[in-house]
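> Let me see the structure of the following:
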Amino acid sequence: TKQGYQAAAPGDSVDLGYPGSKTRGGRVSKLAHDAAGVQGIVERGGRIRRLMPRECLRLQGFAEDQIDCLLAITSDSQAYRQAGNSVTVNVIEAIGRRIRAVDDELRREKTV
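Okay, the predicted model is just below:
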C-alpha cells in the first residue's frame, strides 16, 4: 500500500511465513488464504494467534472424524502440509455448478 503497510483488524488473517521479507511478510487478508503457510488470526488488542492444524483442516472442508483420524497419525507440520495441499471440495462444486448453469443458458440461446 502507499503507506508501506496494511493495518489488520481483529478477525483478519496474517501470513507469518516470511517474517523478514519486505514484500511478502505479514500480508493481511479477511480470510485465511494458504493453509500450508504459517497463518495467524488477529485478536483483540492486536495479538496474533497462529491457526492450529484442526482449524486449517476445517477451513478446507474436512469433517471432524477425518480430522481426528489425521491428527492421530500425523505430526502438526504434516497436518499443515496436507491442509495446504488439499482442495476445498465445496468451492470446486460451486464453481462447477455455476459453469454448468452458464453452459445450459448458452445452449438454450443457441437453439432459440
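> could you point out which element follows the helix or strand bottoming out on mean pLDDT in the chain?
Lowest on mean pLDDT, DSSP states H and E among the helices and strands of the chain sits strand 28-29, with a mean of 57. With elements assigned by DSSP states H and E, the helix or strand that comes after strand 28-29 is strand 39-42.
> Quick check: which helices or strands does the helix or strand just after that next one pack against?
Next helix or strand after strand 39-42 toward the C-terminus (DSSP H and E): strand 48-50. Applying 3 or more C-beta pairs under 8 Å, 6 or more residues apart in numbering; DSSP states H and E, one finds that strand 48-50 contacts strand 39-42. Using the backbone N, CA and C atoms, a C-beta is placed for each residue, glycine as well.
> export the strand it packs on as PDB, just CAs?
Only the C-alpha atoms of strand 39-42 are listed here, as PDB (Å, rounded to 0.1, in the frame of the first residue of the first chain):
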ATOM      1  CA  GLN A  39      -1.200 -18.300   9.300                       C
ATOM      2  CA  GLY A  40      -2.300 -16.200  12.200                       C
ATOM      3  CA  ILE A  41      -5.500 -14.600  13.200                       C
ATOM      4  CA  VAL A  42      -5.500 -11.000  14.600                       C
END
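> Show me what it is packed against.
Counting contacts by 3+ C-beta pairs under 8 Å, 6+ apart, strand 39-42 packs against strand 13-15, strand 48-50.
> Of those strands, which shows the lowest average pLDDT?
The weakest mean pLDDT among those belongs to strand 13-15, with a mean of 68.
> quick one: contacts of the top helix by length along the chain?
Longest helix in the chain, counting residues (DSSP state H): helix 89-111. Outside of helix 89-111, the residues within contact range by C-beta atoms under 8 Å, 6 or more residues apart in numbering are residue 61.
> What residues sit buried inside that helix?
The neighbour-count criterion (16 or more other C-beta atoms under 10 Å) identifies no buried residues in helix 89-111.
> same deal with stretch 71-80?
For stretch 71-80, a neighbour-count test (16+ other C-beta under 10 Å) marks 71, 79, 80 as buried.
> Tell me who's in contact with the first one.
The neighbourhood of residue 71, defined by C-beta under 8 Å, 6+ apart, consists of 53, 54, 79.
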